[in-house]
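Asks: Sequence plus the predicted model coming up.
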Amino acid sequence: MPPTTTENARQPLSETEVEPPRVPGINGLTTLAVGIVVLVALYIGQEVFLPIVLAILLAFLLAPFVELMRKWHFGRIPSVIIAVLFALGIIAALGSLIGFQVAGLATDLPRYQTTIKEKVRSLREQTFARLPSVINEIGNAVTEEQSATRPSPVPSPAPQVNPLPVEVHERPATPLEIVRSIAAPVLQPLTTAGIVLVVLIFILLQREDLRDRMIRLFGARDLHRATAAMDDAGRRLSRYFLMQLGLNASFGVMIGIGLWLIGVPSPALWGVIAALMRFVPYIGSFIGAVFPILVASAVDPGWSMALMTAALFLIGEPLMGQVVEPFVYGKSTGLSPFAVVISAIFWTWLWGPIGLVIATPLTLCLVVLGRHVERLEFLSVLLGDQPALTPAENLYQRMLAGDPDEALESAEALLKTCSPMSYYDDVAIEALRLAAGDASRGVLTSRQLAQVKDVAHALIQDLNSYDDVERSPDGKKAESAASAAGAEASTEESVAPQSPPESDAIPDTWKADGAILCVAGRGPLDAAAAAMMAQLIEKHGLGERVIPYEAVSRFTAFNLDASGAQMVCLCYLDVGGTPAHLRYLVQRLRRHVPDVPILVGLWSKDDAVLKDANLRGALGADYYVSTLREGVSVCVKLARGEEEPAQKTDSSVSSSKATQAAGVKRLPLPA
């Protein structure tokens, strides 16, 4: 009987095939539909949503001022009224300043036109005087050549009679039409400003109520976390907008003073325009520089004033953007450069020039919400400047791609600020755990699993030349724990040494090859974890040897060469929930090397064995650790004689010192 279609669909994929994408579920389709509806609503309802967005942004700016007024024992309503009047006063002052400057500039406009005409005429006479004659000579030569090869002319047809011209005269506009044409351009901005003012007042008056409604909407399951997130988001946005406003205003003042010293007319006007245009990312400052450069060219008969004006902007903008802003904001504003460009294009297409001005603040609001609201997390991933993948996920991705060079490059970047031990614990082991999890679920093909193994072993081999020394954030080697804290701090609370121990502090029996047997678990990637453990042990002056799981299996354990072994370390990425095989492995090793302490490294703090004392007692090992640092610490202390070996009669004893990680420098991972 031939196989059915269902049976064919369930056949395993080949090595080169990838599981086809699944049909989107109802949640994905709902999210897509909601996104399309929101986009259409924002585009169609521009006249409604734009004033509301402007009011929200202004509310973030004025919220700290309102809080300050309330701290001075003003009531809520007086504080809001004072804040709004203060903002209106600043806007009116800027409007009056711009009006006076434009009026003064208009009176000298004829003189500027004359100067520009003289410059154009002089430039044409000096540079392009002979250009028309050269063009005419070329044209005459081409015409003569064409006339020589042209055939005899054909008699032209009879001339046609031109139609009579017709003129259309519009009727004179009525007084009502004249008033409407004048009032329409003025009423629309006033209406928008009025809506912004009303919405702003209500937002400031009912800010706490609106916050509670947002918490109810996005964080009803965890009110405490949602409240903290909303408060933090509000503070961050208010602080950012205030700093941005202050920096742009400072840039405008600097430009205005510089233009005044240069002698450009109406410097205050150009300073205000420069401050406003700087809200436009990347190109706003240079757009604002066009007008003062043109005015400088019109005022000065020469070109020195125009060149100095251009130099002022070319020096001032990089100085503000590359020196002052990073110092004030920190390392970044929270937006990726690509997101800034895309957001500028998107909001300009959606809402025109005003959308371009508010693109960066509005996108920052979305990113902050995405960091604190789980449903909007995709906004933070798409638009934020945080790495999309953690270092461990990035390493795992390079392993899947079979790219050891890029894996080594990212490792070298991290090793500038941490030791190989920290890198292995926080990045490499986590990447191997991700791979082991995918392998246990059956989503890795044998070819991909082989690539992961190859990249892991290549990375371990490449990092063999690095000393296991902790480094400070500036990349310099940190002092060892013993030299920094003294001899008394290196007894009970010290963990793995920050630098390799002195050679005479370790007996020769612990330095010999195979003194510590690093036995790999039965998982497909446990051998790589064992190789990392062995490398770190060797860096600290101890002898080691990596033993594959096949060498300690039930049928081959009796052939294991354990001569000279002082300790056995079992390395497991995942026990698999049923540690019976681990118990039997420990028993086999006990029979083979009865007087050697056994350490079990389970590189997952959530493993059930590490949480259950009874389970550890049933396994029968001497020490249990969850990190490479703790494992190396136990080995070094036993070799130095700083710690007595566990009693072999009580197999449930585990070293409490080995599980202490106080003071350990961890590799900082992105939030």
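Replies: Arrived safely.

Asks: in the helix or strand encompassing residue 52, what counts as buried?
Replies: When elements are assigned from DSSP states H and E, residue 52 belongs to helix 46-71. Using 16 or more other C-beta atoms under 10 Å as the test for burial, helix 46-71 gives 50-51, 53-66, 69. Just so you know, the C-beta spots here come from the backbone N, C-alpha and C atoms, and that holds for glycine as well.

Asks: cool, stretch 289-299 as well?
Replies: Result for stretch 289-299 [16+ other C-beta under 10 Å]: buried residues 289, 291, 292, 293, 295, 296, 297, 298, 299.

Asks: Residues touching that stretch, excluding its own?
Replies: When contacts are defined by C-beta atoms under 8 Å, 6 or more residues apart in numbering, stretch 289-299 is touched by residues 105, 112-113, 115-116, 119, 255, 259, 262-266, 270, 273-274, 303, 305-306, 308-310, 313.

Asks: Repeat that for stretch 324-344.
Replies: So stretch 324-344 is contacted by 240, 243, 247, 250, 280-282, 356, 359-360, 362-364, 367-368, 382-385 (C-beta under 8 Å, 6+ apart).

Asks: Give me the distance from it to the chain's centre.
Replies: Centroid separation for stretch 324-344 versus its chain: 10 Å, with C-alpha atoms, centre = their mean, to the nearest Å.

Asks: Likewise for stretch 621-634?
Replies: When distances are taken as C-alpha atoms, centre = their mean, stretch 621-634 is centred 35 Å away from the chain's centroid.

Asks: what packs against the helix holding residue 52?
Replies: When contacts are defined as 3 or more C-beta pairs under 8 Å, 6 or more residues apart in numbering; DSSP states H and E, helix 46-71 packs onto helix 76-107, helix 175-205, helix 223-262, helix 337-357, helix 359-372.

Asks: run the last query once more with 6 Å
Replies: Based on contacts counted as 3 or more C-beta pairs under 6 Å, 6 or more residues apart in numbering; DSSP states H and E, the elements that helix 46-71 packs against are helix 76-107, helix 175-205, helix 223-262.

Asks: Just the mean pLDDT for that helix, thanks.
Replies: When pLDDT is averaged along helix 46-71, the result is 86.

Asks: what's the answer for stretch 234-245, then?
Replies: 80.

Asks: Flag every buried residue along that stretch.
Replies: Using 16+ other C-beta under 10 Å as the test for burial, stretch 234-245 gives 234, 236, 237, 238, 240, 241, 242, 244.

Asks: Report the buried residues of stretch 265-283.
Replies: When burial is assessed from 16+ other C-beta under 10 Å, stretch 265-283 yields the following buried residues: 265-281.

Asks: these two touch, right, residue 435 and residue 453?
Replies: No: using C-beta atoms under 6 Å, residue 435 makes no contact with residue 453, being 8.9 Å away.

Asks: Throw the buried residues of stretch 234-245 into a markdown table and include distance to residue 428, thanks.
Replies: What follows is the buried residues of stretch 234-245, written out as a markdown table (distance: C-beta to C-beta, whole Å):
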| residue | distance to residue 428 |
| --- | --- |
| 234 | 40 |
| 236 | 34 |
| 237 | 38 |
| 238 | 41 |
| 240 | 36 |
| 241 | 42 |
| 242 | 43 |
| 244 | 40 |
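
Asks: wait, which of the buried residues of stretch 289-299 is closest to residue 542?
Replies: Lowest distance from residue 542 to the buried residues of stretch 289-299 (C-beta to C-beta) belongs to residue 289, with 65.5 Å.

Asks: separation between the closest one and residue 437?
Replies: For residue 289, the distance to residue 437 equals 55 Å [C-beta to C-beta, to the nearest Å].

Asks: Same check on residue 547?
Replies: Separation of residue 547 from residue 437 (C-beta to C-beta) stands at 24 Å.

Asks: With neighbour numbers in mind, choose between those two.
Replies: residue 547 (24 against 13; other C-beta atoms under 10 Å).

Asks: so how far is residue 265 from that one?
Replies: With distances taken as C-beta to C-beta, residue 547 is found 85 Å from residue 265.

Asks: now swap in residue 181 and tell me
Replies: Distance, residue 181 to residue 265, by C-beta to C-beta: 32 Å.

Asks: Lowest average pLDDT across the helices and strands packed on helix 46-71?
Replies: Here the helices and strands packed on helix 46-71 differ in mean pLDDT, and the lowest is helix 175-205 at a mean of 79.
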